[in-house]
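**Student:** below is the sequence, then the predicted model.
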Amino acid sequence: MSTTAASSLPPAYPSRAPWGTAPRLRAWQQEALDAYLQSSPRDFLAVATPGAGKTTFALRIATELLGSGVVRAVTVVAPTEHLKRQWAEAAQRVGISLDPEFKNAQGAHAAGLTGVAVTYAQVAMAPMLHRARTEARPTLVILDEVHHAGDALSWGDAVREAFDPARRRLSLTGTPFRSDTSPIPFVTYAPDHDGVRKSVSDYSYGYGNALRDGVVRPVIFLAYGGNMRWRTSAGDEISASLGGDQLTKDLTSQAWRTALDPYGNWVPQVLSAADKRLTEVRRHVPDAGGLVIASDHSTARAYAARLRAICGEAPTVVLSDDPTASKRIAEFSASTSRWMVAVRMVSEGVDVPRLAVGVYATSYSTPLFFAQAIGRFVRARKRGETASVFLPTVPILLEHANSMERERDHALDKPVKEGDYDPEAALLQEANRQRDSPDGGQEALSFESLESEATFHGVLFDGGEFGLQAEVGSAEEQDYLGLPGLLEPEQVSQLLKQRQAEQLAKGRKATVPEPAPAPATPMLDADKLAGLRKELNALVAAWHHRTGQPHGVIHGELRRTCGGPPTVKASAEQVQARIDAIRDWHAKGRRLA
């Protein structure tokens with residue numbers, strides 16, 4: 001069901017348990033606790049946005065159940081080794097002793113401990129062992145980020161086998177999830193109006209509510225596109241604009257990969273902009289830190305080298321196969337260092353509250369991974385803190401950024417056509433293995449990035465788009481990089497609107513570029529075409545800000561008016577015809593139908 005109304009009913013168990021000092025609960029945590037104690041369910045699914053405090057909520061339930069004698073042991077199942085220790089440390093603060101170093105070979109945890117913290121992979125390797133442990137004492141099982149039980153069929157089967165005898169099961173997730181036809185264990189499903197079974201949460205606390213309550217920070221997304229050039233396996237050289245309308249899926253993917261190449265210009269230009277933003281934020285929040293999310297180990301190291309050259313300080317690098325990864329994250333969290341670069345270790349639950357600036361420099365694009373990654377930046381510490389995340393101008397990422405408040409259910413019985421690939425279902429399995437390229441090795445050998453240049457495309461906030469396309473390092477870009485580090489959500493919106501209005505008033509002529517003068521030397525046909533495309537995209541962007549029409553709609557109308565193929569395949573003459581047409585629109589003030 002949706003968010004439960006606050007209950008004034010007395011709790012079913014003592015409000016204070018002798019397991020340590022219970023922290024003060026946020027309103028949503030108390031509301032969810034009331035719902036749990038009122039119904040006393042064997043299974044309970046809580047969906048709460050990243051940064052809302054699911055761990056505190058779950059441990060409060062654990063103290064209640066232990067104090068009342070309903071359970072005598074606790075088992076926490078988490079996605080990663082790092083999160084096992086994070087859970088154990090949080091549990092220790094409320095008097096619950098969990099062993100995060102428990103190994104299957106031990107068979108049982110040490111005497112005097114309340115329970116263990118294990119991973120889903122660990123349970124999958126020995127489900128009967130964990131079943132025996134669960135049967136030995138009345139046990140509360142906390143399934144953290146329970147969607148991981150659907151990473152593989154064997155994992156779901158193992159979780160069901162191991163914890164079927166549990167006295168109580170509490171399932172948590174920070175991102176509403178969907179899957180294929182394999183249901184997640186211990187989650188209830190009900191058919192919707194189309195007959196498709198969907199998961200039913202017992203309590204839900206979304207990003208919108210958390211933002212309203214000041215539990216999470218508002219997120220400002222700064223989008224960067226630019227011109228890319230690469231060589232295919234056939235030896236063809238291709239140029240395209242990252243974020244350009246009418247690009248095919250393959251061209252978008254290849255332009256994106258070119259942008260993420262640490263040895264091109266796009267990455268250092270965006271990292272430099274992000275570092276400027278971090279400097280501005282640190283004027284108001286001195287310990288604010290930044291995080292670059294990389295796809296693989298080699299690029300993470302290269303990004304770190306770029307950052308060191310930019311800011312003069314060596315970033316903390318966290319790699320998934322590094323046994324000291326958890327220690328490095330903890331040290332960074334407790335320090336005032338500027339930057340961390342990480343692979344995999346930024347999955348859900350990793351808690352570094354001082355992160356305020358992020359660079360999404362990875363090729364992962366599913367809603368689940370995006371939500372988990374952005375969740376690293378939204379944890380609020382005090383009113384007015386904002387998060388700034390730098391994104392490639394890739395349509396799928398911009399859509400994710402514009403729909404942060406959209407809830408997604410875990411839908412079963414979704415028809416899958418033969419040969420279809422569901423990236424979301426495969427995401428976490430893919431993310432949890434080491435890869436040396438965004439596309440897994442072989443394909444990387446057939447692809448060569450040649451050139452990349454970044455362009456500032458604007459800001460996304462609260463479903464709106466602000467700013468005009470501008471060169472990196474321009475005053476227009478600096479207007480947004482220099483936003484104060486402490487702003488309420490309403491102040492963010494007001495300031496973004498004000499700065500956009502000022503730019504439109506000051507540079508309206510500049511937003512409609514005049515034809516470039518004839519070059520003194522002959523221009524290559526490819527260079528001429530690239531220049532025309534850039535000019536067309538600038539005119540389309542200006543018309544978008546004038547009318548509010550999406551870029552794709554504007555390009556589509558131009559194509560219908562002038563004829564010809566999509567822009568990326570159009571000749572110089574066809575692109576020029578569209579430039580002439582949209583210039584005429586600007587001159588006449590015409591609006592699209």
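**Tutor:** Thanks, I have it. Keep in mind it's a predicted model, so treat the numbers as computed, not measured.

**Student:** just the buried residues of stretch 536-550, please?
**Tutor:** For stretch 536-550, the neighbour count (16 or more other Cβ atoms under 10 Å) marks 536, 537, 538, 539, 540, 541, 542, 543, 544, 545, 546, 549 as buried. (C-beta placed from N, C-alpha, C; glycine too.)

**Student:** ok, the third one touching residue 470?
**Tutor:** No - contact status for residue 538 versus residue 470: not in contact, 10.0 Å apart, counting by Cβ atoms under 8 Å.

**Student:** for the buried residues of stretch 536-550, could you give me TSV that also reports pLDDT and distance to residue 104?
**Tutor:** Below are the buried residues of stretch 536-550 laid out as TSV (pLDDT from 0 to 100; distance: Cβ to Cβ, whole Å):
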residue	pLDDT	distance to residue 104
536	83	61
537	77	57
538	75	60
539	79	63
540	78	59
541	72	57
542	74	62
543	77	62
544	71	57
545	67	59
546	71	64
549	75	59
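
**Student:** do you know how far residue 295 is from residue 343?
**Tutor:** To residue 343, residue 295 is 7 Å away according to Cβ to Cβ, to the nearest Å.

**Student:** I meant to write residue 266 there.
**Tutor:** Distance, residue 266 to residue 343, using Cβ to Cβ: 19 Å.

**Student:** next one: residue 209
**Tutor:** Relative to residue 343, and taking Cβ to Cβ, residue 209 is found at 32 Å.

**Student:** do residue 285 as well
**Tutor:** Distance, residue 285 to residue 343, using Cβ to Cβ: 26 Å.

**Student:** next: residue 561.
**Tutor:** Per Cβ to Cβ, residue 561 is found 47 Å from residue 343.

**Student:** look at the two and report which has more neighbours.
**Tutor:** The neighbour comparison of residue 561 against residue 343 (other Cβ atoms under 10 Å) goes to residue 343, with 26 against 13.

**Student:** just the helices in the stretch 301-450 of the chain please.
**Tutor:** Assigned by DSSP state H, counting those that start in this stretch, the stretch 301-450 of the chain shows helices spanning 325-334, 367-374, 395-402, 423-431, 442-445.

**Student:** check the stretch 151-300 of the chain too.
**Tutor:** Under DSSP H, counting those that start in this stretch, the stretch 151-300 of the chain gives helices at 153-163, 207-212, 249-260, 266-284, 297-311.

**Student:** what's the closest of those to residue 483?
**Tutor:** With Cβ to Cβ as the criterion, residue 483 lies closest to helix 266-284 of the helices of the stretch 151-300 of the chain, at 7.1 Å.

**Student:** show me what counts as buried in that closest one.
**Tutor:** For helix 266-284, the neighbour count (16+ other Cβ under 10 Å) marks 266-282 as buried.

**Student:** quick one: the spatially most central residue of the chain and residue 389, what's the gap?
**Tutor:** Centroid check for the chain by Cα atoms, centre = their mean gives residue 370 as the closest residue, at 2.7 Å. According to Cβ to Cβ, residue 370 and residue 389 sit 10 Å apart.

**Student:** name the residues of stretch 131-138 that are buried.
**Tutor:** 131, 133, 134, 138.

**Student:** surely the last one meets residue 167?
**Tutor:** Yes - counting by Cβ under 8 Å, residue 138 touches residue 167, with 4.2 Å between them.

**Student:** mutual contacts of these two, please.
**Tutor:** 70, 71 (Cβ atoms under 8 Å, 6 or more residues apart in numbering).

**Student:** give me the domain ranges for this structure.
**Tutor:** As recorded under automatic domain parsing, the domains making up the chain are 27-212, 219-506, 508-588.

**Student:** between the ones you listed, which gets the lowest average pLDDT?
**Tutor:** Among the domains of the chain, domain 508-588 carries the lowest mean pLDDT, a mean of 72.

**Student:** for residue 78, give me its contacts.
**Tutor:** 84, 86, 87, 117, 118, 119, 120, 144, 145, 349.

**Student:** and the gap between residue 469 and residue 242?
**Tutor:** 12 Å.

**Student:** what touches both of those two?
**Tutor:** Common neighbours of residue 469 and residue 242 (Cβ under 8 Å, 6+ apart) are residue 225.

**Student:** which of these two has more neighbours?
**Tutor:** Counted by other Cβ under 10 Å, residue 469 and residue 242 do not tie: residue 242 has more neighbours, with 27 against 24.

**Student:** how far does stretch 550-566 sit from its chain's centre?
**Tutor:** Distance of stretch 550-566 from its chain centroid, counting by Cα atoms, centre = their mean, to the nearest Å, is 32 Å.

**Student:** contacts for that stretch, please.
**Tutor:** 245-248, 540-541, 543-544, 567, 570-571, 574, 577-578, 581-582, 592.

**Student:** likewise stretch 452-460?
**Tutor:** With Cβ under 8 Å, 6+ apart as the test, stretch 452-460 has contacts from 220-229, 243, 258-259, 261, 264-267, 269-270, 273, 393, 398, 401-402, 465-472, 474, 476-477, 480, 496, 541.

**Student:** rerun that using 7 Å as the cut-off
**Tutor:** 220-228, 243, 258-259, 261, 264-266, 269-270, 393, 398, 401-402, 465-472, 477, 480, 496 (Cβ atoms under 7 Å, 6 or more residues apart in numbering).

**Student:** what's the answer for stretch 322-340, then?
**Tutor:** Contacts of stretch 322-340 (Cβ under 7 Å, 6+ apart): 81-82, 85, 278, 286-287, 289-292, 307, 311, 313, 315-316, 318-319, 345, 350, 352, 354.
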